[in-house]
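Engineer: let's see this in three dimensions:
(one chain, ligands or ions: 1)
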Amino acid sequence: MMNYPADEAAVAAVDKATDAAAAEPAITAHALTTVRGDRTVLRGLDFTVPAGQITGLLGPSGCGKSTLMRAVVGTQAKVDGSLQVLGHPAGDPALRSRIGYVTQAPSVYDDLTVRQNLDYFAAVLLPGRALRHDRRTAVDRAIADVDLASHADSLAGRLSGGQRSRVSLAVALLGTPELLVLDEPTVGLDPVLRRDLWKLFHQIAADRGTTLLVSSHVMDEAERCHRLLLMREGEILADDTPEALRRRNDTATVEEAFLRLVDAAAARAAHPRTTHEEPRS
Ligand SMILES: Nc1ncnc2c1ncn2[C@@H]1O[C@H](COP(=O)(O)OP(=O)(O)OP(=O)(O)O)[C@@H](O)[C@H]1O
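Structural biologist: Numbering: from 1, shown residues only. Okay, here's the model as predicted:
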């Protein structure tokens, strides 16, 4: 993983994040609804994702996180409502080179080495002899970003699950996208690698101004995000900063705040006329 002083990176991240918060949102959804099979998986969502920040998409398994991400990158069918991404409707061909998307299943070729995988995708992104040097630089940088230099010549099929996920992340970083959509990138990783990946996410946001939308069902990762979208059963329970969520719900952790919001939503469903909506900031 890249080495850099964590404090400096954190300060830079906050500065950049503050600047970016004033800019146009990277993603704006209005009444976003998606049906998969015979189920309505996303139920009329309204939210924004600020540019240049890390927004965590958190919620239990099956609540619709991957579906929302697929809608954002334009691979989800039957999406209703409005979804603007980097100033275009989601799925617009103009967005293809501007978004990096890493799915839960690593998309790498097992019979190629780490470097060969990246060389292949770099050749698609930066084709032609004239860009040979740029390709080499981009590949070296992406391998270093995900801390796989010592495995650059290993076959992807012989890597651990976490290492293969990092090859997928390196592929997404190749094109220096403006928006990175990462579906549970830290699942199955040990605590040290998880911490290092989060440092990398912060560095990418701070140095490149990249917007990151990162899903997780591990609530302690919520504290590492600039903003959070807390989801449950296809709805957004909260859209706020971790600090504001803790403060407003009078809890020590985001996890406790989430549980309170779940209880409040259940109470609202049981007694729709006697309880109040959770205020959004
Ligand atoms: N191909 C599909 N056809 C029909 N329903 C689907 C399909 N894929 C997912 N679903 C349903 O959509 C709902 C949301 O799934 P989704 O994968 O978006 O959840 P998630 O929050 O990302 O879950 P996880 O954290 O386990 O990945 C689930 O109830 C799931 O059963």
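
Engineer: okay, CA-based contacts and neighbour counts for the rest of this
Structural biologist: Will do.

Engineer: might you report the residue contacts of the residue of the stretch 151-281 of the chain found nearest the ligand?
Structural biologist: Nearest to the ligand, among the residues of the stretch 151-281 of the chain, is H217, at 6.1 Å (CA to the nearest ligand atom). By CA atoms under 8 Å, 6 or more residues apart in numbering, H217 lies in contact with 58-61, 184.

Engineer: what of D250?
Structural biologist: D250 sits in contact with A257, where contact means CA under 8 Å, 6+ apart.

Engineer: same thing but 10 Å
Structural biologist: 244, 256-257, 260 (CA atoms under 10 Å, 6 or more residues apart in numbering).

Engineer: so which of those is surrounded by the most neighbours?
Structural biologist: Ranked by neighbour count (other CA atoms under 10 Å), those have A257 at the top, with 20 neighbours.

Engineer: pretty sure it contacts R246?
Structural biologist: Yes. Using CA atoms under 10 Å, A257 makes contact with R246 at a distance of 5.9 Å.

Engineer: and the helices in this structure?
Structural biologist: For the chain, the helices defined by DSSP state H occupy 6-21, 65-73, 114-125, 132-145, 161-174, 191-208, 242-249, 254-270.

Engineer: any chance of the contacts of D250 in a markdown table, plus distance to the ligand and pLDDT?
Structural biologist: Shown next, in a markdown table, are the contacts of D250 (distance: CA to the nearest ligand atom, whole Å; pLDDT from 0 to 100):
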| residue | distance to the ligand | pLDDT |
| --- | --- | --- |
| A244 | 23 | 96 |
| E256 | 19 | 93 |
| A257 | 19 | 92 |
| R260 | 19 | 91 |
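
Engineer: most widely separated two among these?
Structural biologist: For the contacts of D250, the farthest-apart pair by CA to CA is A244 and R260; their separation is 14.0 Å.

Engineer: count of residues packed around L83?
Structural biologist: Count around L83 with other CA under 10 Å applied: 24.

Engineer: confidence score at it?
Structural biologist: pLDDT for L83: 97.

Engineer: so who does the residue lying closest to it once chain neighbours are set aside touch?
Structural biologist: In space, and not counting its chain neighbours, L83 is closest to A29: 4.5 Å by CA to CA, 6 or more residues apart in numbering. A29 is in contact with 44-49, 72, 81-85, 90, counting by CA under 10 Å, 6+ apart.

Engineer: for A29, give its distance to the ligand.
Structural biologist: 16 Å (CA to the nearest ligand atom, to the nearest Å).

Engineer: is that residue in a bridge, and if so with what?
Structural biologist: With DSSP bridges as the criterion, A29 is bridged to F47, L83.

Engineer: and it, what pLDDT?
Structural biologist: 97.

Engineer: could you dump the contacts of D250 into TSV with distance to R36 added?
Structural biologist: Shown next, in TSV, are these (distance: CA to CA, whole Å):
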residue	distance to R36
A244	33
E256	30
A257	29
R260	29
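
Engineer: if we can go back for a sec, closest to A264 among the contacts of A29?
Structural biologist: L45 (18.4 Å).

Engineer: quick one: that closest one and L32 touch, right?
Structural biologist: Yes. In this structure L45 lies within contact range of L32 using CA under 10 Å: 4.7 Å.

Engineer: show me the contacts for the closest residue to G91 other than its chain neighbours.
Structural biologist: Using CA to CA, 6+ apart and skipping residues adjacent in sequence, the residue nearest G91 is G74, 3.8 Å away. By CA under 10 Å, 6+ apart, the contact set of G74 is 68, 83, 85, 89-93, 95-96.
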